[in-house]
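Undergrad: generate coordinates for the sequence data below:
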Amino acid sequence: MDYGLELEVKKGQVEEIMSREFKRPFEGLSVTPSPEVWGYRNRIRLKVMREGGAARYVYNEPGEQASFVTVDRCHLVPDRVNDILARTLELIEGAPFPSVTGVEVRTSRSNGQSLLVCDIESGAEAAALADGLAGLKGEFALVGAVASIYDGKRYRDERLFGREFLEETVRGLTFRIGARSFFQTNISILEKVFDAVVEVVTPQAEATVVDLYSGLGTFGILLAKKAREVFGVEEAVENIPFLKKNLALNRVGNFAVCEGTTEEWLPEVLERTPGVIFLDPPRKGVDPRIVRGLVDDPVPLILYLSCNPTTLARDLKGLGAAYSIASLGVYDFFPHTPHIETLAVLEYRKPVILSI
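TA: Numbering: from 1, shown residues only. This is a model prediction of the structure:
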């Protein structure tokens, strides 16, 4: 599909979802294309399947758990990632390493370094796998490898060699990213979102900001450079050390880490009378309790970055009891896929009091 047409289709999908939720026409969305439309992904995860002794990479067909598509090369990741995948497959097939069930490669756009993660079902293979993979360091800028070992109930990570993280630089900010950490996969369009967020927040330079789904601090650290103070709420225990390290790497001293759930922390952080709330929730969207809390105790400005237009529409409808949509824009994080990211800016709508 022509890329311009793809953008129009995605825009139309968001407009249709919003129109259906709000029961009125919803037009005029802005669309920001990805500066990179091929080779933009900094992460890929594939399953390993074997037939007759031969190993191959596969990916689940959309919506199907039992149907797979063979992947030889993926045009959505850089060539160096495809090369690492190919050499890793040769290694696990030739050694052989029969317990390897999946391979993930993460790479840094800013420095070209990569990190390899192998899912394995037998810890007994870990040492030999480490020796084999270490040979790839000379071919690629591979800074480390991690084995994710299944013990029958869950996976546990074990370092095979090197380090267990990458570092990425975005608009002058450095982020340390763990082997299993979530980080935006398209840095070229993330920079565009950073610019948009800064433009909206800069007039609120003396405000307190609350980052309710802080993760590694991707947006909270950006906002800390513009705000008086930031409260970053993060539930995932494994993210906290990386969040704190990223604060140190960027010399941020006006950021308070709030460990726990958004539901637990919302009443307390609202007592700080924030000027800005930043929301970047998972696909399920914002919990209804958070929506009610933000309606009952409103703030001047909300920025909501969504990876699911359906849950975004639902949440915006709920927040509409106290806020107006100032702007709504589609950012194409995932060219050549059906996935859509949207940034909504909401402003508190003061109730009109009629005098009698």
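
Undergrad: alpha carbons only for contacts and neighbour counts from here, please
TA: Will do.

Undergrad: a helix runs through Ile290, doesn't it?
TA: Yes. The assignment for Ile290 is a helix, going by DSSP: H, G, I helix; E, B strand; the rest coil.

Undergrad: so what's the residue count around it?
TA: By other C-alpha atoms under 10 Å, the residues close to Ile290 number 18.

Undergrad: just the pLDDT for it.
TA: We have a pLDDT of 97 for Ile290.

Undergrad: name the helices or strands packed onto the helix with the most length in the chain?
TA: The residue-count maximum for a helix in the chain (DSSP state H) belongs to helix 3-22. Contacts defined by 3 or more C-alpha pairs under 8 Å, 6 or more residues apart in numbering; DSSP states H and E place helix 3-22 against helix 309-319.

Undergrad: which parts of the helix or strand that contains Glu264 are buried?
TA: For Glu264, the host element (DSSP states H and E) is helix 262-270. Buried residues in helix 262-270, counting neighbours by 16 or more other C-alpha atoms under 10 Å, are found at 262-263, 265-266, 269-270.

Undergrad: swap in stretch 153-173?
TA: So, applying 16+ other C-alpha under 10 Å, buried residues of stretch 153-173: 157-161, 164-168, 170.

Undergrad: and Phe333, its phi and psi?
TA: The phi and psi torsions at Phe333 (degrees, to the nearest 10) take the values phi -70, psi -20.

Undergrad: ok, the one 5 residues further on next?
TA: The main-chain torsion angles of Pro338 are listed as degrees, to the nearest 10 and equal phi -80, psi 0.

Undergrad: residues making contact with the helix holding Glu264?
TA: Residues outside helix 262-270 that contact it (C-alpha atoms under 8 Å, 6 or more residues apart in numbering): 210, 212-213, 231, 233-235, 258, 287, 289-290, 293, 297.

Undergrad: filter the residues you listed to the buried ones?
TA: The buried subset of these (16+ other C-alpha under 10 Å) comprises 210, 212-213, 231, 233-235, 258, 290.

Undergrad: filter those residues down to just the ones in helices.
TA: Ile290.

Undergrad: return the member of the buried ones among the contacts of helix 262-270 nearest to Glu36.
TA: For the buried ones among the contacts of helix 262-270, the residue nearest Glu36 by C-alpha to C-alpha is Tyr213; the value is 26.7 Å.

Undergrad: what ranges in the stretch 1-150 of the chain fall below the confidence cut-off?
TA: Low-confidence segments of the stretch 1-150 of the chain, defined by pLDDT under 70: none present.

Undergrad: for the stretch 1-150 of the chain, which segments count as strands?
TA: 30-32, 43-51, 54-60, 68-70, 100-107, 114-120, 142-150 (DSSP state E, counting those that start in this stretch).

Undergrad: which SSE is Val286 in?
TA: With DSSP H and E as the test, Val286 turns up in no helix or strand.

Undergrad: what's the neighbour count on it?
TA: Count around Val286 with other C-alpha under 10 Å applied: 23.

Undergrad: sorry, back to before: dump the buried ones among the contacts of helix 262-270 to a markdown table, plus distance to Gly4.
TA: Formatted as a markdown table, those follow (distance: C-alpha to C-alpha, whole Å):
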| residue | distance to Gly4 |
| --- | --- |
| Val210 | 36 |
| Leu212 | 34 |
| Tyr213 | 32 |
| Phe231 | 39 |
| Val233 | 38 |
| Glu234 | 37 |
| Glu235 | 38 |
| Cys258 | 42 |
| Ile290 | 37 |
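
Undergrad: quick one on the thing from earlier: what's the helix or strand just after the helix holding Glu264 in contact with?
TA: Counting by DSSP H and E, the next helix or strand C-terminal to helix 262-270 is strand 276-279. Surrounding strand 276-279, the residues in contact under the criterion C-alpha under 8 Å, 6+ apart are 201, 204, 207-213, 299-305.

Undergrad: quick one: strand 276-279 to chain centroid distance?
TA: 16 Å (C-alpha atoms, centre = their mean, to the nearest Å).

Undergrad: what mean pLDDT does that strand have?
TA: The pLDDT scores in strand 276-279 average 98.

Undergrad: okay, now the sheet partners of it, with direction.
TA: When pairs are called by DSSP bridges, strand 276-279 turns out to pair with strand 208-211 (parallel), strand 301-306 (parallel).

Undergrad: Leu216 belongs to a helix?
TA: No. Per three-state DSSP, Leu216 lies outside any helix segment and is coil.

Undergrad: so which of the buried residues of stretch 153-173 is the closest to Gly28?
TA: For the buried residues of stretch 153-173, the closest approach to Gly28 (C-alpha to C-alpha) belongs to Val170, at 29.2 Å.

Undergrad: specify the beta-bridge partners of the closest one.
TA: Beta-bridge partners recorded for Val170 (DSSP bridges): Leu173.

Undergrad: if I look at it, how far off is Asn186?
TA: With distances taken as C-alpha to C-alpha, to the nearest Å, Val170 is found 11 Å from Asn186.
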